[in-house]
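>>> The sequence and its predicted three-dimensional model are supplied below.
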Amino acid sequence: MSDTDLIVVHSFFSRAEADVAKSALDAAGIEAIVEADSAGGMRPALAWAGVGFRVFVRADDAQAARDVLDLPAKPAGH
């Protein structure tokens with residue numbers, strides 16, 4: 001993924017939330033990365049004090065990614 005055309009589509013307070021969002025985007029065929037300033041994972045509080053855990057996608061995929069992340073959860077079997 002080229003870093004010249006990346007855009008933040010959502011920020012989260014925890015790495016776990018950002019990873020779930022990335023997995024949902026991956027399942028939808030949208031390549032994404034998670035970025036945070038957490039000193040290499042050694043100081044997660046740094047990310048909480050800043051902009052959080054950010055999910056980036058290509059600019060061309062931004063609207064589709066937002067659509068995926070904004071879908072309401074559906075109960076299984078419905």
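All right, it came through fine.

>>> Would you tell me what the next helix or strand after the lowest-mean-pLDDT helix or strand in the chain is?
None of the helices or strands of the chain scores lower by mean pLDDT, DSSP states H and E than helix 44-49, at a mean of 54. For helix 44-49, the succeeding helix or strand toward the C-terminus, using DSSP states H and E, is strand 53-58.

>>> element containing residue 8?
Here residue 8 is covered by strand 6-12, with elements defined by DSSP H and E.

>>> For that strand, give the mean pLDDT please.
Here strand 6-12 scores 90 as its mean pLDDT.

>>> helices or strands up against the longest helix along the chain?
For the chain, the helix with the greatest residue count under DSSP state H is helix 15-27. With contacts taken as 3 or more Cβ pairs under 8 Å, 6 or more residues apart in numbering; DSSP states H and E, helix 15-27 sits against strand 6-12, strand 32-35, strand 53-58, helix 62-69. Every residue, glycine included, has its C-beta placed from N, CA and C.

>>> how close does the residue nearest to residue 24 when sequence neighbours are not counted sit to residue 62?
Nearest residue to residue 24, sequence neighbours excluded (Cβ to Cβ, 6 or more residues apart in numbering): residue 68, at 5.7 Å. According to Cβ to Cβ, to the nearest Å, residue 68 stands 11 Å off from residue 62.

>>> Is it correct that residue 12 is in contact with residue 18?
Yes. Residue 12 is within contact range of residue 18, at 4.3 Å (criterion: Cβ atoms under 8 Å).

>>> quick one: common contacting residues for these two?
The contact sets of residue 12 and residue 18 overlap at 52, 53, 54, 55 (Cβ atoms under 8 Å, 6 or more residues apart in numbering).

>>> Make TSV out of those residues and add pLDDT, distance to residue 6 and neighbour count.
Below are those laid out as TSV (pLDDT from 0 to 100; distance: Cβ to Cβ, whole Å; neighbours: other Cβ atoms under 10 Å):
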residue	pLDDT	distance to residue 6	neighbour count
52	76	16	21
53	85	15	25
54	88	10	20
55	93	10	24
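
>>> Of these, just say which sits nearest to residue 35.
Within the shared contacts of residue 12 and residue 18, the smallest distance to residue 35 is 5.1 Å, found for residue 54 (Cβ to Cβ).
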